[in-house]
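Undergrad: show me the folded form of this:
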Amino acid sequence: MKQIIIIGGGAAGFFCASNLDEKKYKITILEQNSDVLQKVKISGGGRCNVTHACFDPRELVQFYPRGNKELLSVFTRFQPGDTMDWFDQRNVPLKIENDNRIFPESNSSQTIINTLLTEIQNKKAEVKTKCSVKDIEKQDEKYLVKTSLGDFQADYIVYTTGSSPKSLKIVENLGHKIVDLVPSLFTFNIKDELLKDMPGTSFENAEVSIPSLKTEESGPLLITHWGLSGPAVLKISAWEAVNLAKLKYQFEIEVNFISKSMDEAEESFQNFKQSNPKKTIGQAKIFDITNRFWQKVLDVSQIDLNKQISNISGKEMQKILENLCSKKLKVSGKSTFKDEFVTAGGIDLKEINFKNMSSKLLPNFHIAGEVLNIDAVTGGFNFQACWSEAWLISQHLNHLEI
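TA: Prediction:
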């Protein structure tokens, strides 16, 4: 019986083990932490955002700043619909939420963890926790995996370690090229009077642009204690991860809180002014924002809240609209987005055969998950890449003539 060593007890490692043929292979999973599936546990606020309801591979790859070309063929063979089927066959119903994120109906990541644990028990896979891999040596047709718990011999290695620098060093020593790691999916640290005392204020659809990089994203936006977060910011941080690292996270953004052009906003303002001339500006409900934020905009624009709207000058109106539609803010650093830390960078994709996720440099060596230079925006996409890649590896190994 051939020995498969899976290095890394996360989503990709477990999903690969869950789909392997146990009659053909002895499966051992090595995990350096005391717990397996840690990211699965905390994902989606502990509910586990399993995948995303996007069932066309061509559309799906648009959510991956790095890896989109390579993943097209992968998703053609295993995509979110297949993930849903897989869990459904194991009596884990999943549900699609309004924003197309997919969660277990139980609203608990433990359901997903228990399913994967049951699967690998059925496969008689052995899991060794607190087992830190120090080095991997190629020996003729086999590999010697040196760990804190002793040495293991493997006929096949599945490398799903996540993006820790130590695990990348090990594959680099085996000959793989590593693209430098930089954070992806982070929030912007901003100190500005307009955001001060406003944490928790959200905008259903805002536009965020970085003029120096000629890039723009739109979506929900959230003011936090340290600056700005929400999908609009996270998306732009993912797509521009490499450029923002070069800028050392010091740059200027422009925010349109109401997603209306200056002209449209001016028209709304004038219409409101004509039909409600006697209203005070502080009580005017012109735009779809909270009353607190509106009053803050007026305060920053130095306008008396008790002034009648008919007395607002053209100059004052311009000031208000600039703060709403084209507010320039200085970003002076980043904060990691919750616990769902994602990095850009990792093993160079040119060195991977995406038909079966095998290394082009090392025989019988397969690689999946975040250790690759692949990352996605938030919403279940990073997990989907793990499930799909791991599934391809297991199918390839199951069909090998041994």
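
Undergrad: pull out the buried residues from stretch 240-247.
TA: With burial defined by 16 or more other C-beta atoms under 10 Å, the residues of stretch 240-247 counted as buried are 240-241, 244-245. Every residue, glycine included, has its C-beta placed from N, CA and C.

Undergrad: which of those fall in strands?
TA: Residues of the buried residues of stretch 240-247 located in strands (DSSP state E): none.

Undergrad: out of those residues, the closest to T83 would be?
TA: T83 lies nearest to A241 out of those, by C-beta to C-beta, at 25.4 Å.

Undergrad: please tell me how far the closest one sits from E322.
TA: Computed as C-beta to C-beta, to the nearest Å, the A241 to E322 distance reads 29 Å.

Undergrad: do F257 as well
TA: Distance, F257 to E322, by C-beta to C-beta: 11 Å.

Undergrad: go on, H366?
TA: H366 is 54 Å from E322, by C-beta to C-beta.

Undergrad: okay, these two: which has more neighbours?
TA: Applying other C-beta atoms under 10 Å to H366 and E322 shows that H366 carries more neighbours, namely 27 against 15.

Undergrad: within the helices and strands, which one has that one?
TA: strand 365-367 (DSSP states H and E).

Undergrad: repeat that for V171.
TA: Applying DSSP H and E, one finds V171 within helix 165-173.

Undergrad: what's that helix packed up against?
TA: Helix 165-173 sits against strand 133-139, strand 178-184, strand 342-347, with contacts defined as 3 or more C-beta pairs under 8 Å, 6 or more residues apart in numbering; DSSP states H and E.

Undergrad: turn the buried residues of stretch 240-247 into JSON lines, including pLDDT.
TA: Listed next are those as JSON lines, based on pLDDT from 0 to 100:
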{"residue": "E240", "pLDDT": "98"}
{"residue": "A241", "pLDDT": "97"}
{"residue": "L244", "pLDDT": "98"}
{"residue": "A245", "pLDDT": "97"}
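
Undergrad: biggest separation within those residues, which pair?
TA: Top of the distance list for the buried residues of stretch 240-247 (C-beta to C-beta): E240 and A245, 9.1 Å.

Undergrad: so where is the chain shaky, pLDDT-wise?
TA: The chain contains residues with pLDDT under 70 at 337-341.

Undergrad: per-domain residue ranges of this structure.
TA: If you go by automatic domain parsing, the domain ranges for the chain are 2-182+338-398, 187-334.

Undergrad: and among these, the most buried is which?
TA: domain 2-182+338-398 (a mean of 19; mean count of other C-beta atoms under 10 Å).

Undergrad: straight-line length of it, end to end?
TA: The straight-line separation of the ends of domain 2-182+338-398 (C-alpha to C-alpha, to the nearest Å) is 11 Å.

Undergrad: from the chain's centre, how far out does it sit?
TA: Distance of domain 2-182+338-398 from the chain centroid (C-alpha atoms, centre = their mean, to the nearest Å) equals 15 Å.
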